[in-house]
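Engineer: Sequence and computational prediction follow.
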Amino acid sequence: MRAVYQRVSRARVTVGAREVAATGPGALILLGVGRDDTREDAEYMAEKVAGLRVFPDAEGKMNLSILDVGGEALVVSQFTLFGDVKKGKRPGFDMAMEPVKGRELYEAFVEELRRRGVPTKTGEFGAHMQVELVNDGPVTILISSKKEF
């Protein structure tokens, strides 16, 4: 799995004119599921996200997690995180998980994040979404369950 974790003051997802989810302070997590991912990847990513210390403490140092600050997470599926542009200029998505299994693992990640105590909202898996956010900092972190970065 790959994720783009963005610390936000607010974020929201719409599909057409319909608001699907919105969150206040916390994190917007764009999550991609790779074709070799398993439930263990979802568990690893949820543990990493729940404990990631990117929120400021009283001294302004990034030392607190989303749990520590009582933040919320908004998780949006993003298969394009597995887009490969090594050859040519049109991305290939052979490394992304097929949709049925991808949805299962996306939902497993969300379930694991909630189980760890993070209030979590979601986008609409497989839909064409508009994502709006105010990145706080800005703070943007890349995370990979395969430890690619």
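Structural biologist: Looks like it came in fine.

Engineer: how close does the most centrally placed residue in the chain get to V8?
Structural biologist: Centroid check for the chain by C-alpha atoms, centre = their mean gives I29 as the closest residue, at 2.3 Å. Applying C-beta to C-beta, to the nearest Å, the value for I29 to V8 is 10 Å. For the C-beta atoms, the positions are set from N, CA and C on the backbone; glycine is no exception.

Engineer: any common contacting residues for the two?
Structural biologist: Common neighbours of I29 and V8, using C-beta atoms under 8 Å, 6 or more residues apart in numbering, are L74.

Engineer: returning to that earlier point: surely the residue nearest to the centre of the chain is in contact with V49?
Structural biologist: Yes - shown here, I29 and V49 form a contact pair, counting by C-beta atoms under 8 Å, at 6.3 Å.

Engineer: list the residues that contact both of the two?
Structural biologist: A3, Y5, A73.

Engineer: Closest one of those residues to G60?
Structural biologist: Y5 (19.6 Å; C-beta to C-beta).

Engineer: That closest one: neighbouring residues, count only.
Structural biologist: 22 (other C-beta atoms under 10 Å).

Engineer: Against which helices or strands is the longest helix anywhere in the chain packed?
Structural biologist: Identified as the longest helix of the chain according to DSSP state H is helix 99-115. The contact analysis (3 or more C-beta pairs under 8 Å, 6 or more residues apart in numbering; DSSP states H and E) places helix 99-115 against helix 39-51, strand 72-77, strand 120-122.
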